[in-house]
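> The sequence and its predicted three-dimensional model are supplied below.
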Amino acid sequence: MPIALDFFVRYGYLVVFLWILTEQLGIPIPSAPLLLAAGTLSATHKLHLVLILGSALLGSLIADSVWYVFGQRYGAVVVRLVCRLTLESSACVRRTEGYFARRGPAALLVAKFIPGLGTVAAPIAGQIGMGYARFLLFDAGGILLWSFTVTVGGRFFGDILKRNPGALSWTGHFAVILFVLLLLAVLVWRMLQRRAFLQSVRMARLEPRELKRMMDAGQPVFIVDLRHPLDYLPDPRTLPGALSLTPDKLVEQSGRIPRNQEVVLFCTCPSEATAAKMALTLRGMGIHRVRPLRGGYDEWKKLGYPLVDIQSETVPAA
């Protein structure tokens, strides 16, 4: 048996625990390939399925509890920090807030299945004041559902290999190489997705000083605040003339958005993610003069530009 494989068989439960703990603390090292490998070994009775799941549960619960406490204490600041750590930061804040808004605590049952949401769900649960016991119950359920699904996938693959001793022997010799290749493939795929998205953002975004110049000159500008209501809690203000609309409401009322003036979208997401995504969506609906604001609300506020109280959530008739 190769040395690396022998090491994993001896210390597999500890490796699973530490790996998933590290990933859930925000380091972007995908754990699905590891659980698949552990599941494959469970088919040959070198590891036990129940102990694999227990290790995954413990590691994830510890990390999630840490983020829950931080989210409870520091709110949106921690949520944005967690999103910056993940390779899926381009959409994780808005997606997770949307899941919580629609499903409440049940969102924790599916969060681990969606890249970027697994880590950020915990601080958002703390931010919205969910009770810890309730959080623990739903979070544990989601962790077990996710880890069981992935591990059983590996177990199924292991059962197939058991029927072919030659393939099982070959896989055993090259297991480490296969695992590394699978891990690298996941990382490269995520990084390419993120790179493509960020490139589209950089090409389209509007500088705050340019928007300020347009406003000072009296140029008609249609400004939309896409932040989630949770983001208003620490500072219930917005840009002058901005309408506060969730992405869903903006799409619903897209027919009333003026086509003859600039449309500017902003949020507080890393890399203007939500604003950029909605800009692309509106362009696909025929609204071409639309751009995300670079730095969003935080950059506008940092520059000392004027802010006003939150306004209407309805697009006025054209």
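That came through fine.

> And stretch 62-78, what's buried?
Buried residues in stretch 62-78, counted by 16 or more other C-beta atoms under 10 Å: A63, D64, S65, V66, W67, Y68, F70, G71, Q72, G75, A76, V78. C-beta coordinates here come from the backbone N, C-alpha and C atoms, glycine included.

> Kindly report the same for stretch 233-250.
By neighbour count on 16+ other C-beta under 10 Å, the buried set for stretch 233-250 is T238, L239, A242, L243, S244, L245, T246, P247, K249, L250.

> Next, the fifth one: phi, psi?
The main-chain torsion angles of S244 are listed as degrees, to the nearest 10 and equal phi -90, psi 110.

> what's the pLDDT at it?
If you check S244, the pLDDT there is 89.

> Test my guess that it contacts I223.
No. Contact criterion C-beta atoms under 8 Å: S244 and I223 do not qualify, at 10.2 Å.

> Enumerate every residue touching G39.
Each residue near G39 by C-beta atoms under 8 Å, 6 or more residues apart in numbering is listed here: L49, I52, V150, T151, V152, G153, G154, R155, F156, F157, G158.

> Report the rounded mean pLDDT for the helix or strand where it lies.
Element membership of G39, judged by DSSP states H and E, is helix 32-43. Helix 32-43 carries an average pLDDT of 83.

> From the contact counts, what lies against the helix or strand just after it?
Next along the chain after helix 32-43, taking DSSP H and E as the criterion, comes helix 49-74. The helices and strands touching helix 49-74, judged by 3 or more C-beta pairs under 8 Å, 6 or more residues apart in numbering; DSSP states H and E, are helix 3-24, helix 32-43, helix 76-85, helix 117-127, helix 132-162.

> Show me which residues of the last one are buried.
If I follow you right, that is helix 132-162. 135-136, 138-140, 142-144, 146-148, 150-152, 154-155, 157-158, 161.

> ok now it, how far from the chain's centre?
19 Å (C-alpha atoms, centre = their mean, to the nearest Å).

> And it, what does it pack against?
Counting contacts by 3+ C-beta pairs under 8 Å, 6+ apart, helix 132-162 is packed against helix 32-43, helix 49-74, helix 117-127, helix 165-173.

> swap in the fourth one?
Other helices and strands packing on helix 117-127, by 3+ C-beta pairs under 8 Å, 6+ apart, are helix 3-24, helix 49-74, helix 76-85, helix 92-103, helix 132-162.
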